[in-house]
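Student: What would the 3D arrangement of this be:
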Amino acid sequence: MKKINWILVCVVILFVGFLSGCQEPSTTTENNISNKIELESDVVELAYANINQHNEGTKTVQVAVEYLFKNVADRIISIEITAEFYDENNNLIYTGGPKYMTNLPVGYAETNILPVNIISYSGEGAYKIDHIKIIVEEYLGT
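Tutor: Numbers count the residues shown, from 1 in each chain. Predicted coordinates for the structure are as follows:
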């Protein structure tokens, strides 16, 4: 009986070993910044950026850009964010925003622990979107 239990344990260990296998490292960049996203800013840099397309069947009905920033200015800043959605011929399809973030401390970096910031477009031309430009300017208030 002990021999059967020993064989059963060995079989389970081998089975688990086969299931785990070798895992190749991911091919995405460390901070997942898409090459289809451009940032225009003097005060922040992208800590994370990604484009998500939402489809109904085979048609794209919404495109959203997710982003997180790092304050690279040497002061506390408040910023205004807009996103421009372009087609493959660099024609502007839509401008989203503005959105605002205030009192970002020096060196502050948003993390993935926080909910990411999102600007989306769900108009008729959503299927045409090829790349997005995020424009961030310092906001001094009104």
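
Student: buried residues in stretch 94-106?
Tutor: 94, 96, 101, 104 (16 or more other CB atoms under 10 Å). To be clear about C-beta, it is placed using only N, CA and C from the backbone, and glycine gets the same treatment.

Student: Doesn't the third one belong to a strand?
Tutor: If I follow you right, that is M101. Yes: counting by DSSP: H, G, I helix; E, B strand; the rest coil, M101 is located in a strand.

Student: Now name the helix or strand holding the closest residue to it other than its chain neighbours.
Tutor: Spatial nearest neighbour of M101, chain neighbours left out: I79 (5.1 Å); criterion: CB to CB, 6 or more residues apart in numbering. Element membership for I79, per DSSP states H and E: strand 77-86.

Student: Can you spell out which helices and strands pack onto that strand?
Tutor: Using 3 or more CB pairs under 8 Å, 6 or more residues apart in numbering; DSSP states H and E, the elements in contact with strand 77-86 are strand 59-71, strand 92-104, strand 117-121, strand 131-138.

Student: try it again with 6 Å
Tutor: strand 92-104, strand 131-138 (3 or more CB pairs under 6 Å, 6 or more residues apart in numbering; DSSP states H and E).

Student: how about these in a markdown table, adding distance to K70 and mean pLDDT?
Tutor: Compiled in a markdown table, the helices and strands packed on strand 77-86 are given as follows (distance: least, CB to CB, whole Å; pLDDT from 0 to 100):
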| stretch | distance to K70 | mean pLDDT |
| --- | --- | --- |
| strand 92-104 | 9 | 96 |
| strand 131-138 | 11 | 97 |
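
Student: any chance of those strands in a markdown table, plus distance to L46?
Tutor: Listed next are the helices and strands packed on strand 77-86 as a markdown table, based on distance: least, CB to CB, whole Å:
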| stretch | distance to L46 |
| --- | --- |
| strand 92-104 | 14 |
| strand 131-138 | 8 |
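
Student: quick one: low-confidence parts of this protein?
Tutor: Along the chain, segments meeting pLDDT under 70 span 1, 5-6, 8-33, 142.

Student: Quick check: bridge partners of the most centrally placed residue in the chain?
Tutor: In the chain, the centroid-proximal residue (CA atoms, centre = their mean) is N50; its distance is 2.9 Å. Here N50 sits in beta bridges with E66, going by DSSP bridges.
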